[in-house]
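Trainee: predicted coordinates and the sequence they were generated for:
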Amino acid sequence: MEAVDTGLLALVVAAFFAGAIDAEGSDKAAQFAALAESLRIPFLTLCDTPGFMVGPEAEKVGLVRRSGKMFVHGSRLTVPQFTIVV
């Protein structure tokens, strides 16, 4: 059996914001997806989150725009990608 490098993104942040994804988390996830794509390594996401932050502060920091980048990078992946919902 051969070992394979794999990018692992864990969206398990229950200790902060009741597990909701904030703008910084969205940016980091998008950057990590882009890195996995550039290195041509499979991408695995562990997901345990109720969704995205909402409210005036989330709107001030551009959460919708920034989280949209996360989805765009994810949709552009050509490497194998897997998600495990925890």
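Mentor: It's in.
Trainee: phi first, then psi, for the spatially most central residue of the chain.
Mentor: By Cα atoms, centre = their mean, the mean C-alpha position of the chain lies nearest to residue 29, the distance being 3.4 Å. Note on residue 29: its backbone torsions stand at phi -60, psi -40 [degrees, to the nearest 10].
Trainee: burial of the residue nearest to it when sequence neighbours are not counted, as a residue count?
Mentor: Closest residue to residue 29 in three dimensions, ignoring its sequence neighbours and counting by Cβ to Cβ, 6 or more residues apart in numbering: residue 70, at 4.7 Å. C-beta here means a position set from N, CA and C on the backbone, and glycine is covered the same way. Other residues within reach of residue 70, judged by other Cβ atoms under 10 Å, total 22.
Trainee: test my guess that residue 45 contacts residue 80.
Mentor: No: counting by Cβ atoms under 8 Å, residue 45 does not reach residue 80; the two are 12.0 Å apart.
Trainee: which one's more surrounded, these two?
Mentor: With neighbours defined as other Cβ under 10 Å, residue 45 and residue 80 compare such that residue 45 has more, 18 against 11.
Trainee: any buried residues in the helix or strand encompassing the residue nearest to residue 29, and which?
Mentor: Residue 70 belongs to helix 63-75 when elements are defined using DSSP states H and E. Of the residues in helix 63-75, those buried by neighbour count under the rule 16 or more other Cβ atoms under 10 Å are 63, 66-67, 69-70, 73-74.
Trainee: let me have those in CSV, adding pLDDT and distance to residue 51 as columns.
Mentor: Conversion of those to CSV gives the following (pLDDT from 0 to 100; distance: Cβ to Cβ, whole Å):
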residue, pLDDT, distance to residue 51
63, 84, 11
66, 87, 15
67, 86, 10
69, 88, 17
70, 86, 13
73, 87, 18
74, 86, 16
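Trainee: residue 5 contacts residue 41, correct?
Mentor: Yes: Residue 5 is within contact range of residue 41, at 4.7 Å (criterion: Cβ under 8 Å).
Trainee: higher neighbour count, the two?
Mentor: For the pair residue 5 and residue 41, the greater number of neighbours falls to residue 41 (16 against 9), based on other Cβ under 10 Å.
Trainee: that one: what secondary structure?
Mentor: Reducing the assignment to helix, strand or coil with DSSP: H, G, I helix; E, B strand; the rest coil, the entry for residue 41 is coil.
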